[in-house]
Every structure is written in structure tokens, then in C-alpha cells.
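Participant: Dropping a prediction and its sequence here:
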Amino acid sequence: MKEEYMRAALREAEKAKKIDEVPIGCVIVKDDKIIARGHNLRETKQQSINHAEIIAIQKACKKVGSWRLEDCDLYVTLEPCCMCAGAILQSRIRTVIYGTTDPKGGSIESTLHMYEQPGYNHYPKVESGVLQNECSQLLKNFFKEKRLKRK
Ligand SMILES: [Zn+2]
């Protein structure tokens with residue numbers, strides 16, 4: 001089941017790749033149904049905040065009709081950055097599940113450990129490593145192709 005949702009997030013990441021965006025994808029699941037999807041659109045829209053998670057959270061809030069996403073689980077191919085980890089916390093998302101870690105900005109275990117800071121009134125559960133290989137290969141191949149094109 002978890003793998004299935006991560007596959008859906010990977011399909012979102014593929015959509016980003018097709019339009020030359022860094023391939024990161026996200027889906028939000030409620031009651032065993034995907035209620036929102038998003039992929040990275042930072043370049044397309046020239047918006048620093050247009051990360052896959054933010055786009056999916058905005059869609060999910062619209063769908064649910066509330067900023068509270070308490071019964072929702074968020075699947076994302078890459079460890080969330082500080083902005084997205086914060087947005088996940090603010091939306092009270094129940095669980096965040098990510099595929100691979102991001103040593104250059106992941107804010108759950110790689111740089112910041114945001115959910116280990118005391119004082120918030122909500123903490124999401126965290127799971128990582130779901131389809132780790134697929135999620136990480138997609139990114140690695142993307143950057144490799146970019147480097148080759150530049151030569
Ligand atoms: Zn982010």
C-alpha cells in the first residue's frame with residue numbers, strides 16, 4: 001500500500017522531469033484515497049515556494065475545505081526541506097513518508113531535525129526509505145543528464 005502511494009508520487013516526479021524541473025513528486029492520502037497530487041514547479045512558475053509538497057497541501061486543503069489535514073498522510077519522493085517540513089507541521093498532517101534523504105536541505109534528518117525541536121503542539125509521524133532506490137535514482141539520473149547536456 002505504502003509502495004503504491006509512493007509510486008504515485010514517483011509518477012508526479014516524472015511529470016516534473018518531463019518539463020525539466022527537478023523530479024520531486026508528492027501525493028496526499030486520506031481514507032485510503034489520493035486526494036491531492038503535486039510536483040515541483042519552481043522553474044516553470046519562477047516561484048521559490050512551488051515545491052511538490054506545498055502544491056499538494058494547497059490542493060488538499062481546498063479539497064477537504066479546511067487547513068487542518070489531521071487524517072492525511074503525505075508521501076513525497078525526497079526528504080522535505082525546512083519550508084515544506086514546516087508546512088506539513090502547520091497543516092497537522094498525520095504522517096509524512098519520504099523516499100530518500102536530501103543531504104543538502106532535508107530538514108527532518110539530514111540538516112535540521114525539525115520534528116525533534118520541542119515546543120510545537122503537533123508532530124507528524126515520520127517514515128522514510130519507501131522505494132528509496134527508485135526515488136534516489138530518478139534524481140541522480142536527472143542531474144547526470146543535466147551535466148552531460150552541459151558538456
Ligand atoms: Zn520543500
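Facilitator: Sure thing, it's come through. All values derive from a computational prediction rather than experimental measurement.
Participant: make it CA atoms for all contacts and neighbour counts henceforth
Facilitator: OK.
Participant: burial count for residue 150?
Facilitator: With neighbours defined by other Cα atoms under 10 Å, the count for residue 150 comes to 6.
Participant: can you give me phi and psi for residue 26?
Facilitator: Dihedral angles of residue 26 (phi, psi; degrees, to the nearest 10) stand at phi -150, psi 140.
Participant: what's near enough to touch it?
Facilitator: Taking Cα atoms under 8 Å, 6 or more residues apart in numbering as the criterion, residue 26 is in contact with 8-10, 12-13, 37-39, 52-53, 56, 74-77.
Participant: Check whether residue 73 sits in a helix, strand or coil.
Facilitator: Under DSSP: H, G, I helix; E, B strand; the rest coil, residue 73 falls in the strand class.
Participant: gap between the residue nearest to the spatial centre of the chain and residue 120?
Facilitator: If you average the C-alpha coordinates of the chain and look for the closest C-alpha using Cα atoms, centre = their mean, you land on residue 76, 3.2 Å from that point. In this structure, residue 76 lies at 22 Å from residue 120, with Cα to Cα, to the nearest Å as the measure.
Participant: and if you look at residue 110?
Facilitator: Counting by Cα to Cα, the gap from residue 110 to residue 120 is 20 Å.
Participant: Between those two, point out the one with more neighbours.
Facilitator: Each of residue 110 and residue 120 has its neighbours counted (other Cα under 10 Å); residue 110 has more, 15 against 11.
Participant: Would you mind confirming that the more buried one is in contact with residue 103?
Facilitator: Yes. Counting by Cα atoms under 8 Å, residue 110 sits close enough to residue 103 to count as a contact (5.2 Å).
Participant: So which bits of this structure are right by the ion?
Facilitator: Among all residues of the chain, those adjacent to the ion (criterion: Cα under 5 Å from the ion) are 81, 84.
Participant: Show me the helices in the chain, by range?
Facilitator: Ranges of helices within the chain are 2-18, 42-45, 52-64, 82-90, 132-150, based on DSSP state H.
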